[in-house]
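Engineer: Sequence unavailable; structure follows:
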């Protein structure tokens, strides 16, 4: 089973080798219980609330609703168009106390609770775009990205402390980190059940955004970007598709909904088009910049290449006849045949330049990921973030990954979700570190090349150009782009990041911040500030 888990559970995610709320009961007194279905009715009555197996006290103060649950106080946000959802919010001062923060849960009436952590931008938050970050998985918390890659602080001292991250992506963006799917990180379900497919995630995230923006309308008019890593290459397009589809309904829907200003989808070292990407595995492992085999014509490489046609036929059957009968065998077979050698190579599957000693480096080859569990399970940290003290934080949940694997989720035709929205103006940025064997840059560039949009011909002819960072003038990688009429960052853009593995912001923090800042301000990565008389982007202070 360990080999089978390699592709669409272990190898495609940076962390693997690891009473119902259908009714809400409000009790005004011991003798006067009232059964109420749906959270939105709670705004009418104060008292003791029984939601699922959790008892809470609710009251109204200064026009806002508050709730005290498992010893913690939250502001409670409800929405008349989302009867089965409510938001619990607290205001922590961890990680980066210089910026405004919110954290808490999206509660769903079927006993699911999604944890989020929001940070305002360090610069001009009133004008900064809004960006949601989703980590890989399925089954890995967004807090791994927050504390290990691109958040305002970095984990340190074996999980007893954090340090300031000057390259955090919230330098110029208001950022939401969301733990999904359920039962990752602080997110949990009362009965232990979880979801097992990427499309299911979209509906809940859309509801979260509507409640969040109704409570904080100051962020609702700015551009909204969805950014994801690894398995997020499947999940983020599904979320974006729901938001895009619901946006088009708003002129005809009930009033009170926010039109979410979705402007781009950002995918880092992701799995998005399995059919194209699996074919790149032998090319990368045998002929790439960091090959794991010495002889590209040897027995190992020959065997890998022979498996590609079989694997692609099975994935094509899943694309054409979407069912567990076609998709699960494709996921299991490709995992074992093509990605098994990565698992047993002795190299870090997320960085081919490094060896991996699991006894010393931990199950994910990065000991810092274990530190995150230590930090996030500290009782004071949990209390400050409003995390349920009865549930342990888990960076990556193997059971969730296996649930997705046995649905064949990873071999669905996700690029189909992107076509219409890109043609309609939603921009796409795909980037990949060139040292990642898990979701290698070759396969990522190829699926972008084959993406059937109005920019297909332009991208196929687009040259590969140098990318030099604005701040240090360092050659950080290469870029290909279509759209933007030469004056923008492009409508379809692919970036190869040199000397970076699966977690680009960890390996190349300055380059990653340079890339994301140019993208959100729609400035070409091919611009070199050395050639300009004056700066064209707000990079002061980096």
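Structural biologist: Structure received. Since we're looking at a predicted model, the values are computed, not measured. Numbers count the residues shown, from 1 in each chain.

Engineer: Beta-bridge partners for residue 85, please?
Structural biologist: With DSSP bridges as the criterion, residue 85 is bridged to residue 108.

Engineer: I'd like to check which residues are in contact with it.
Structural biologist: 39, 78-79, 106-109, 204, 207-208, 211 (Cβ atoms under 8 Å, 6 or more residues apart in numbering). Where you see a C-beta, it was placed from the backbone N, CA and C, and this is true even at glycine.

Engineer: what's the answer for residue 511, then?
Structural biologist: By Cβ under 8 Å, 6+ apart, the residues touching residue 511 are 469, 474, 476-477, 497, 500, 504.

Engineer: ok, and for the longest helix along the chain, which residues are buried?
Structural biologist: Looking across the chain with DSSP state H, the single longest helix is helix 299-320. By neighbour count on 16 or more other Cβ atoms under 10 Å, the buried set for helix 299-320 is 300-301, 304-305, 307-308, 311-312, 314-315, 317-319.

Engineer: okay, the contacts of residue 85 in JSON lines with secondary structure and neighbour count next?
Structural biologist: Putting those into JSON lines (DSSP: H, G, I helix; E, B strand; the rest coil; neighbours: other Cβ atoms under 10 Å) gives the following:
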{"residue": "39", "secondary structure": "helix", "neighbour count": "24"}
{"residue": "78", "secondary structure": "strand", "neighbour count": "20"}
{"residue": "79", "secondary structure": "coil", "neighbour count": "19"}
{"residue": "106", "secondary structure": "strand", "neighbour count": "26"}
{"residue": "107", "secondary structure": "strand", "neighbour count": "26"}
{"residue": "108", "secondary structure": "strand", "neighbour count": "21"}
{"residue": "109", "secondary structure": "coil", "neighbour count": "20"}
{"residue": "204", "secondary structure": "helix", "neighbour count": "22"}
{"residue": "207", "secondary structure": "helix", "neighbour count": "22"}
{"residue": "208", "secondary structure": "helix", "neighbour count": "23"}
{"residue": "211", "secondary structure": "helix", "neighbour count": "22"}
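
Engineer: circling back to that earlier point, quick one: buried ones out of the contacts of residue 511?
Structural biologist: 469, 476-477, 497, 500, 504.

Engineer: Among those, name the ones in strands.
Structural biologist: The strands, defined by DSSP state E, take in 476-477, 497 from the buried ones among the contacts of residue 511.

Engineer: Give me the residue ranges of the stretch 401-542 of the chain where confidence is low.
Structural biologist: Applying pLDDT under 70 to the stretch 401-542 of the chain picks out residues 529-542.

Engineer: err, the chain, not the other one
Structural biologist: 1-46, 49-54, 110, 137, 192, 194-197, 252-254, 529-542.

Engineer: dump the residue contacts of residue 353.
Structural biologist: By Cβ under 8 Å, 6+ apart, the residues touching residue 353 are 290, 435, 501.

Engineer: between the ones in strands among the buried ones among the contacts of residue 511, which is nearest residue 348?
Structural biologist: residue 497 (16.5 Å; Cβ to Cβ).

Engineer: For the stretch 101-250 of the chain, just list every one of the helices.
Structural biologist: Under the criterion DSSP state H, counting those that start in this stretch, the stretch 101-250 of the chain contains helices at 142-145, 198-215, 232-249.

Engineer: Touching, residue 523 and residue 484? I think so.
Structural biologist: No: applying Cβ atoms under 8 Å, one finds residue 523 not in contact with residue 484, separated by 9.7 Å.

Engineer: Which one of the contacts of residue 511 is nearest to residue 357?
Structural biologist: residue 500 (21.3 Å).

Engineer: Would you quantify the distance from that closest one to residue 353?
Structural biologist: From residue 500 across to residue 353, the span is 10 Å (Cβ to Cβ, to the nearest Å).

Engineer: Give me the common contacts of those two.
Structural biologist: residue 435.

Engineer: about what we covered before: elements contacting the longest helix of the chain?
Structural biologist: Counting contacts by 3 or more Cβ pairs under 8 Å, 6 or more residues apart in numbering; DSSP states H and E, helix 299-320 packs against helix 274-278, helix 280-287, helix 324-334.

Engineer: ok so, going back, what's the farthest-apart pair in the contacts of residue 511?
Structural biologist: Farthest pair in the contacts of residue 511 (Cβ to Cβ) is 474 and 504. Separation: 14.3 Å.

Engineer: How about residue 125: what's its closest non-neighbour residue?
Structural biologist: The shortest distance from residue 125 to any residue other than its chain neighbours is 5.7 Å, reached at residue 174 (Cβ to Cβ, 6 or more residues apart in numbering).

Engineer: Check residue 308 too.
Structural biologist: Distances taken as Cβ to Cβ, 6+ apart place residue 279 nearest to residue 308, at 5.0 Å, with adjacent residues excluded.

Engineer: Might one say that the one you found is in contact with residue 313?
Structural biologist: No: the criterion here is Cβ under 8 Å, and residue 279 misses it with residue 313 at 11.7 Å.

Engineer: residues contacting residue 273?
Structural biologist: 413-415, 447, 450.

Engineer: Apply 6 Å and report the result again.
Structural biologist: Neighbour list for residue 273: 415, 447 [criterion: Cβ atoms under 6 Å, 6 or more residues apart in numbering].

Engineer: Nothing else from me, thank you.
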